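K.L.:
sequence and predicted structure, then a few things I'm wondering about:
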Amino acid sequence: MLRKIKPNFWFLFVWIAVCFGTGQYKYFTAEPQGMHQGAQTDRACVAWNYYHESMNFFEPRVSENRAHEGVGGMEFPIVNYTAAVGYKIFGQHDAIYRSIMFLLVTMGVFSAWLTTSFFIQKTLSRLIVVFTWYLSPIMLFYGNSFLPDPAAMALSMMALYQFVKWYFQLNIQKSMWWYIGLMSLAGLIKITYLIAHFSVIGIWFVTALLPHFFSDNLRTPYLKWYTIILPFIPATAWYAYSNYLTQKTGNILFLQKINPATSLHDFIDNSKFSWNTWADSVYFKSFIIGLLILYVFTLVYHRKKSPLPAALSLFLVLGFIAVFLFFNFQFRYHDYYYFILFPALFFIILFVQQVHLEGNKVFFGIVPVILLILFYILPYYQYNHSKSMLKNRYEPGNYFHQNAFPEAQFYNMELRSKIAEIIPDNEEIITAFDNSPNTSLYLLRKRGVRIASDFTPQLTADIIHAKKINYLVINDSLRWQNQYDTAMHFSKKMLYKKGVISVWKLNYR
């Protein structure tokens, strides 16, 4: 009976089991929180502003509107816009955004699953390869988050699956155009994910110039000029427009340039810090070290045994190294930048499995036996490690929770409902104190100005008087009273107070 169950149903069964077993399903309705809450709310409020303010796709805006009403350049906001369409139909719920992202990641992982069918015969072995790769703490945490990186990674995996089909001459024209479309979309969302396209071009060059490097059997479909150029055109056009929008509005919230280390010392320091801080968020460290050592050995001595995974993994690794160099400071502080490593990790795991395990019926020697044992037990360790880390990232007080806005717990549905009663829907607010640009504004579903903790009283007064906003939300009334009141030159009337939160109506002199 079990033999009659199709492999794709086994994938779906394990996928659902992992979603429920790790507890990922619990957080589909959660507002942006935990690690990089600020970056998440920045993207979440773009979707909310499309829904609440304007559905003009070419004017993405955030809620902190000091600069040109919040309009500014950013990555291609197709996910944000799709979420806004969902809000228009079903009402504004964070679960809609999270579900869209999770669906994209599901399609990316399913594409990895389909890719294994070209190389691995046994369903169990395919499941082990895919879920050993997928079960990463940042995959689980950000896989239904508000950041664009998981979407770009997923689209890269979908595109690479189409390339593999193209390579094996299955529906050549259809696969080629699917590849171009998906790769273009991945590059639009995050231009760095075009390293996958560079990898395909790299294989083409190697097979032409060094045909014996990987294998005499390695070949690529003939790449016509438009198959090389087309994926670059949409990304180039959008980021040129995005840069124009940034220059026009002065809104520099979203990074649109490289951020390399300025010296060798900084590079080494950033890299060490990144490894010590984020390695366990990718996989547990001993697995990463062991996998990379085995991969380098296998690539040097056995690359010709499985040339396509060897070539793809090598060029994807080289692409990751290039991105790591150009965005070195980003890797110091942002674990989600490691999403760009996952396509390479998939083909590394697939390549190692192909060389050392696939097709081997008898294993002689201690090393092959150890590899066979590790192959079957790694998903178990990955599962437990990722499940534990996912829980940590949603646990207040945990190091890996790290809300950008510590008072976020007080900006809950009760406060939002109360503010909706006392402040008209389209009225802007001032929110103090919030060191992230949009978190408190998004949690309250309001537009306006936030006052960071390091804003001086005089700067704060200048900002408020320039905007003439009528309502003020404070999460530290004592500090405001002691340090800011005398510099404001306006009177205020309390409308609401609970715990650390107070809401005021301002009267300008």
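P.N.:
In hand now; what should we look at? Numbers count the residues shown, from 1 in each chain.

K.L.:
looking at the chain, which helix or strand is least sure?
P.N.:
The helix or strand of the chain with the poorest confidence is helix 485-488; it has a mean of 86 (mean pLDDT, DSSP states H and E).

K.L.:
which stretches of the stretch 201-350 of the chain form helices?
P.N.:
225-229, 232-249, 264-282, 285-302, 307-326, 328-333, 342-356 (DSSP state H, counting those that start in this stretch).

K.L.:
give the other helices and strands that the second one contacts.
P.N.:
Going back to what we said before, that points to helix 232-249. helix 172-189 (3 or more C-beta pairs under 8 Å, 6 or more residues apart in numbering; DSSP states H and E). Any C-beta I mention is one placed from the backbone N, CA and C, and that applies to glycine too.

K.L.:
which stretches of this protein have low pLDDT?
P.N.:
For the chain, residues meeting the criterion pLDDT under 70 lie at 1-3, 221, 361-365, 509.

K.L.:
spatially central residue for it, please.
P.N.:
Nearest to the geometric centre of the chain sits Asp149, at 2.8 Å (C-alpha atoms, centre = their mean).

K.L.:
thinking that residue is in contact with Tyr336, fair?
P.N.:
Yes: if you go by C-beta atoms under 8 Å, Asp149 and Tyr336 touch, sitting 5.0 Å apart.

K.L.:
between those two, which contacts overlap?
P.N.:
Tyr142 (C-beta atoms under 8 Å, 6 or more residues apart in numbering).

K.L.:
could you pull out the buried residues of stretch 164-182?
P.N.:
By 16 or more other C-beta atoms under 10 Å, the buried positions in stretch 164-182 come out as Val164, Lys165, Trp166, Tyr167, Ser175, Met176, Trp178, Tyr179, Ile180, Gly181, Leu182.

K.L.:
and the two most separated of these?
P.N.:
Tyr167 and Gly181 (17.2 Å; C-beta to C-beta).

K.L.:
packing partners for the longest helix anywhere in the chain?
P.N.:
Ordering each helix of the chain by length in residues (DSSP state H) puts helix 366-393 first. In terms of contacts (3+ C-beta pairs under 8 Å, 6+ apart), helix 366-393 is packed against helix 7-21, helix 123-134, helix 137-142, helix 264-282, helix 285-302, helix 342-356.

K.L.:
for Ala39, find the nearest of those.
P.N.:
Using C-beta to C-beta, those put helix 137-142 closest to Ala39, at 10.2 Å.

K.L.:
contacting residues around that closest one?
P.N.:
Residues contacting helix 137-142 (C-beta under 8 Å, 6+ apart): 22, 24, 34-35, 105, 149-150, 280-282, 335-336, 338-339, 342, 385-387, 389-390, 393.

K.L.:
ditto for stretch 8-23
P.N.:
Residues contacting stretch 8-23 (C-beta under 8 Å, 6+ apart): 24-25, 106, 109-110, 113, 123, 126-127, 130-131, 134-135, 140, 383, 386-387, 390-391.

K.L.:
now for the least confident helix or strand of the chain, which elements pack on it?
P.N.:
helix 457-467.

K.L.:
just give the closest residue to Phe214, not the sequence neighbours.
P.N.:
Using C-beta to C-beta, 6 or more residues apart in numbering and skipping residues adjacent in sequence, the residue nearest Phe214 is Pro307, 4.1 Å away.

K.L.:
equivalent analysis for Ala279, please.
P.N.:
Nearest to Ala279 is Lys285, by C-beta to C-beta, 6+ apart, at 4.8 Å.

K.L.:
let me have the helices and strands packed on helix 366-393 in a markdown table, extended by mean neighbour count.
P.N.:
Listed next are the helices and strands packed on helix 366-393 as a markdown table, based on neighbours: other C-beta atoms under 10 Å:
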| stretch | mean neighbour count |
| --- | --- |
| helix 7-21 | 15 |
| helix 123-134 | 21 |
| helix 137-142 | 26 |
| helix 264-282 | 15 |
| helix 285-302 | 14 |
| helix 342-356 | 25 |
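
K.L.:
of all those helices, which lies closest to Ser440?
P.N.:
Closest of the helices and strands packed on helix 366-393 to Ser440 is helix 137-142, at 22.0 Å (criterion: C-beta to C-beta).

K.L.:
what's the next secondary structure element after that closest one?
P.N.:
helix 149-167 (DSSP states H and E).

K.L.:
how about the CA coordinates for that following helix, as CSV?
P.N.:
Provided in CSV are the C-alpha atoms of helix 149-167 (Å, rounded to 0.1, in the frame of the first residue of the first chain):
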residue,chain,number,x,y,z
ASP,A,149,14.9,37.7,1.3
PRO,A,150,13.0,34.4,1.8
ALA,A,151,10.9,35.2,-1.3
ALA,A,152,14.0,36.0,-3.4
MET,A,153,15.6,32.8,-2.2
ALA,A,154,12.5,30.7,-3.0
LEU,A,155,12.2,32.2,-6.5
SER,A,156,15.9,31.4,-7.1
MET,A,157,15.2,27.8,-6.2
MET,A,158,12.2,27.7,-8.6
ALA,A,159,14.4,29.2,-11.3
LEU,A,160,17.2,26.7,-10.8
TYR,A,161,14.7,23.9,-11.0
GLN,A,162,13.6,25.2,-14.4
PHE,A,163,17.3,25.4,-15.4
VAL,A,164,17.8,21.7,-14.4
LYS,A,165,14.8,20.8,-16.6
TRP,A,166,16.3,22.9,-19.3
TYR,A,167,19.6,21.2,-18.9
